[in-house]
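# My questions are about this predicted structure, shown below with the sequence.
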Amino acid sequence: ILLTLADSDDPLPEATAVLTATNADTHHLNALQAAGLILIDDSDAANRQLISLAISLEDAFMQALELRGAGKYQAIVNLLAREAQPVPVSEIYAQTSATISHLRKLVKLDLIRLGDEEVWRDPLADRDFVPADAPTLTLDQARVWGRVKVAMIAAEEQGSEGAGENETGLSPLLPSAPAPFLLHGVTGSGKTEIYMRAIDFALQRGQTAIVLVPEIALTPQTVRRFAARFPGRVAVLHSRLSDGERYDTWRRARQGLFDIVVGPRSALFTPLPNLGVIILDEEHDPSYKQTPPVPPPYYHARETAVALTNILGATLIMGSATPDVVTYHRARGGRYQLLELPKRVMGHRQRINSQEHRLQIESFYRNEGDDPDDALTIPLPPIQVVDLRQELRAGNRSIFSRALEKAITETLDRREQAILFLNRRGTSTFIICRDCGHVLQCPRCDMPLTYHRPHMMLVCHHCGRREPQHNECPACGSKRIKYFGLGTEEVEAQVQQRWPDARITRWDRDTTAGRNTHEELLAGFINQEADILVGTQMIAKGLDLPLVTLVGVISADVSLGLPDYRTGERAFQVLAQVAGRAGRGLRGGRVIVQTYQPEHYAVQAAAEHDFAGFFVEEIRFRTQHVLPPFRRLAKLVWVDPVNERGQHEAERLAKELRLHIRDLALSATEILGPMPPFFNRIDGRFRWQLIIRSPDPVRLLQDFTIPPKWIVDIDPVSTL
């Protein structure tokens, strides 16, 4: 590759031409780029040069014979004649070994014509998707789809009656949008099929669709499903794409060259014409809210989608196995339309039989029906809660309880797959001196540094600061330094030590920094290139892994102690979602949850797959403390390198807001604070915050001038 680049007359040859000339593949190019030997740049790939014959083949061939070095010129002419259409310059270089000087000579003699063609930078251009037909709906799915279809038809009829332009010359705000749907379905219940039916219904009427997912990690699987059902009509849009790919996808969407766009929250703003339906999958996920330190606006994709569908008269379907408490409360109150899918669907008999034959295993479940379209509904996987206090009393100090260790061994013996979940990265989560008690902290954030063994570095997960591993205490000089806590790196290391023959993949933010690493890790695990997947919350979100029969939660206590009112909700959602990765295939599955707090209502509800019971407890807690959905919150944050100045600014604004509340007689509105938040100092800057608790914080703030530099976050997803 390096010799080819050195000998090339083209200062920026196309990658395809280099690969063709060297019989290499993209892995070789990526390796050279990683080593700093080459640069792969697609920023100028929007146009490519094309060569075509300017005169007849016979005349061009005869004139080429008269040129010195006629062989190269004849090869160019022959290639153009054989293709019978314009040929990219890079292809001519690759197939004829010609150079730019040969082409310039032929252009000067008017034998060939040089032109430009716009090339769309498409991240899916090299992907092949196997088309898939729509399956027969289960009774529950048919009931749910019937309600959605009726609402979409009614909205279409009302919209056609109110069509036209108002006096501004713009389309009026259409009152015909159906109330948003909340599709509450257990993991594996077939929510995606409802999404596809709604999109298909919209496409048949010349409309377009947006499908939102909370994480980029979910994008490849979602794209694969929708592209198989709607081949050639799906685009993907997210921040891991190159600038050129994002720009071209945006332009093609605006021109109506795509019908469906899949992506995280920012994909909501794709300018698709005639938008008919928006899908908000895993609607409970806090990733849908843009929050600091990301720049404003601090919008929530859910609330923005509700407003957008109201404006356009479009349909919004929000889906989750563990809905946001506020969303579910709204649905129960009639603000949203509540749909339920209470049963897990493994698949149709025909698909199950095909899997049994392909994998050479017999299904753990039996479907006695004869109809190949019969769908098999299965129970959710059983969840065993292990009290780690009892494990300690029994003398077990391993990170694996006896039950989990036995289950992993059995899973590996059966050549099945397992997931081990811990929502914390790194090897050790804090380092302490056993002589003086000093905890190694980030000097810019006052937060404990996390030890990462592979690079022997201490890392701050808030500001990104890195420093070498310490061999002695920076406070007293003692060498008695102890590493405590547990992260996914340490889990991976201990799994490898206990089961040395197991193939292990780790999936967290540290292993997915590359552009396509999400897709590569997922594909490798699905293709059984690993036996155990160790990961953080990324693996808990909507992934369909049919060969996983065991899910082990290393510690359910990671977030239960945080001082945020959503702690219980987040814990229940994560546990229920990660448990949902088990038992989706032929051999069933089970879940083992390790915790020091087995009596916590979130843990107990997750163990019983009892969302209704959890909701009752959570609503009781929020009623008692006057929290959302019974009040709205607004978080105002001041960030300052000088702590005392930040405190002064916060106290001053709190005083002014309380006076404003008194003037407006807003008896149900109150100011909490000022106070330093849980994460008080990040990247050398101190934070002070106020919390407004009010039926309508906007009413308080709309006529109130907030000084510059204050960060205002309405309906924050966290108060930490």
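That came through, no problem. Residues are numbered from 1 along each chain as shown.
# now for stretch 520-538, what's the gap between its first and last residues?
14 Å (CA to CA, to the nearest Å).
# Name the residues that touch it?
With contacts defined as CB atoms under 8 Å, 6 or more residues apart in numbering, stretch 520-538 is touched by 215, 217, 220-221, 408, 411-412, 415, 417-425, 488, 491-492, 495, 499, 502-509, 511-512, 518, 539, 543, 545, 547-548, 574. The way it works is simple: take the backbone N, C-alpha and C, and place the C-beta from them, glycine included.
# switch to 6 Å and redo it
Residues from elsewhere that reach stretch 520-538, judged by CB atoms under 6 Å, 6 or more residues apart in numbering: 217, 412, 417-420, 423, 488, 491-492, 495, 502-508.
# Also stretch 314-332?
Contacts for stretch 314-332 (CB under 6 Å, 6+ apart): 152, 178, 180-184, 186-187, 191, 198, 275-284, 305, 309, 336, 338, 569, 573, 576, 618, 628-629.
# would you put the C-alpha positions of that stretch in PDB?
What follows is stretch 314-332, C-alpha atoms only, in PDB (Å, rounded to 0.1, in the frame of the first residue of the first chain):
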ATOM      1  CA  ALA A 314     -48.200  13.100  12.500                       C
ATOM      2  CA  THR A 315     -48.300  10.100  14.700                       C
ATOM      3  CA  LEU A 316     -45.900   9.500  17.700                       C
ATOM      4  CA  ILE A 317     -45.400   6.000  19.100                       C
ATOM      5  CA  MET A 318     -43.200   5.800  22.300                       C
ATOM      6  CA  GLY A 319     -42.200   2.300  23.300                       C
ATOM      7  CA  SER A 320     -40.600   0.800  26.400                       C
ATOM      8  CA  ALA A 321     -40.700  -2.200  28.700                       C
ATOM      9  CA  THR A 322     -40.000   0.100  31.600                       C
ATOM     10  CA  PRO A 323     -41.700   3.500  30.800                       C
ATOM     11  CA  ASP A 324     -40.600   6.700  32.400                       C
ATOM     12  CA  VAL A 325     -42.800   7.200  35.500                       C
ATOM     13  CA  VAL A 326     -43.900  10.600  34.200                       C
ATOM     14  CA  THR A 327     -44.800   9.200  30.800                       C
ATOM     15  CA  TYR A 328     -46.800   6.300  32.300                       C
ATOM     16  CA  HIS A 329     -48.600   8.600  34.700                       C
ATOM     17  CA  ARG A 330     -49.600  10.800  31.700                       C
ATOM     18  CA  ALA A 331     -50.800   7.700  29.800                       C
ATOM     19  CA  ARG A 332     -52.900   6.500  32.700                       C
END
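# And stretch 579-599, how far out from the chain middle?
22 Å (CA atoms, centre = their mean, to the nearest Å).
# measure that stretch end to end?
18 Å.
# Likewise for stretch 248-261?
Stretch 248-261: ends 13 Å apart by CA to CA.
# before we move on, back to that, just the ones of the contacts of stretch 314-332 in helices?
The helices, defined by DSSP state H, take in 152, 191, 198, 305, 309, 569, 573, 576, 618 from those.
# ok, of the contacts of stretch 520-538, which come out buried?
Neighbour-count burial (16 or more other CB atoms under 10 Å) is assigned, among these, to 217, 412, 417-420, 423, 488, 491-492, 495, 502, 504-508.
# can you list the ones in helices among the contacts of stretch 314-332 in TSV and add neighbour count, distance to G437 and pLDDT?
Listed next are the ones in helices among the contacts of stretch 314-332 as TSV, based on neighbours: other CB atoms under 10 Å; distance: CB to CB, whole Å; pLDDT from 0 to 100:
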residue	neighbour count	distance to G437	pLDDT
M152	22	64	92
K191	26	51	93
A198	25	59	96
A305	25	50	97
T309	23	56	94
E569	22	35	94
Q573	28	36	92
A576	27	39	91
E618	22	38	96
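# end to end, how far does stretch 595-610 reach?
18 Å.
# List of residues touching that stretch?
380, 383, 385, 387-389, 556-557, 560, 568, 571-572, 575-576, 613-614, 617.
# Strands of the stretch 151-300 of the chain, residue ranges please.
Using DSSP state E, counting those that start in this stretch, the strands of the stretch 151-300 of the chain run over 181-185, 208-212, 234-236, 260-263, 275-281.
# So for the shortest one, mean pLDDT?
If you average the pLDDT over strand 234-236, you get 89.
# now the stretch 101-250 of the chain, which segments are flagged as low pLDDT?
Counting by pLDDT under 70, the stretch 101-250 of the chain contains low-confidence ranges at 116-131, 159-176, 217.
# which residues of the stretch 51-200 of the chain fall in helices?
Taking DSSP state H, counting those that start in this stretch, the helices of the stretch 51-200 of the chain run over residues 57-65, 70-83, 89-96, 100-108, 139-161, 191-204.
# Number of residues surrounding the closest residue in space to S694 that isn't next to it in sequence?
Setting aside the residues directly before and after it, S694 is nearest to T669 in space (CB to CB, 6 or more residues apart in numbering), at 3.8 Å. By the measure other CB atoms under 10 Å, the count of residues near T669 is 21.
# What of P500?
Using other CB under 10 Å: P500 sits among 7 other residues.
# secondary structure element for it?
Assigned by DSSP states H and E, P500 belongs to no helix or strand.
# all helices in the stretch 601-720 of the chain, in order from the N-terminus.
601-607, 611-624, 643-664, 697-701.
# ok, back up a step: state the distance from the residue nearest to S694 to P695.
Computed as CB to CB, to the nearest Å, the T669 to P695 distance reads 7 Å.
# Then L633?
Distance of L633 to P695, computed by CB to CB: 11 Å.
# out of the two, which sits in the busier spot?
The residue with more neighbours, out of L633 and P695, is L633; 19 against 12, by other CB under 10 Å.
# center of the protein, which residue is that?
In the chain, the residue lying closest to the centroid (CA atoms, centre = their mean) is E215, at 1.1 Å.
# With adjacent residues omitted, what lies nearest to G580?
T187 (2.7 Å).
# Quick check: phi and psi at the one you found.
Dihedral pair for T187: phi -60, psi 130, per degrees, to the nearest 10.
# Kindly reformat the ones in helices among the contacts of stretch 314-332 as JSON lines containing distance to Q141.
Formatted as JSON lines, the ones in helices among the contacts of stretch 314-332 follow (distance: CB to CB, whole Å):
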{"residue": "M152", "distance to Q141": "16"}
{"residue": "K191", "distance to Q141": "9"}
{"residue": "A198", "distance to Q141": "12"}
{"residue": "A305", "distance to Q141": "23"}
{"residue": "T309", "distance to Q141": "22"}
{"residue": "E569", "distance to Q141": "27"}
{"residue": "Q573", "distance to Q141": "23"}
{"residue": "A576", "distance to Q141": "21"}
{"residue": "E618", "distance to Q141": "28"}
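# Quick check on the closest residue to L338 other than its chain neighbours: phi, psi?
In this structure, L338 finds its nearest non-sequential neighbour in A331, 4.0 Å apart by CB to CB, 6+ apart. Main-chain torsions, A331, degrees, to the nearest 10: phi -70, psi -40.
# burial count for A331?
The burial count for A331: 21, using other CB under 10 Å.
# And the pLDDT at it?
97.
# Please report how far it lies from V213.
Distance of A331 to V213, given as CB to CB: 21 Å.
# Please apply the same query to V277.
Where V213 is concerned, V277 sits at a distance of 15 Å (CB to CB).
# can you check G313 too?
24 Å.
# Please apply the same query to V87.
According to CB to CB, V87 stands 39 Å off from V213.
# more neighbours, these two?
Shown here are V87 and V213; by other CB under 10 Å, V213 has more neighbours (26 against 21).
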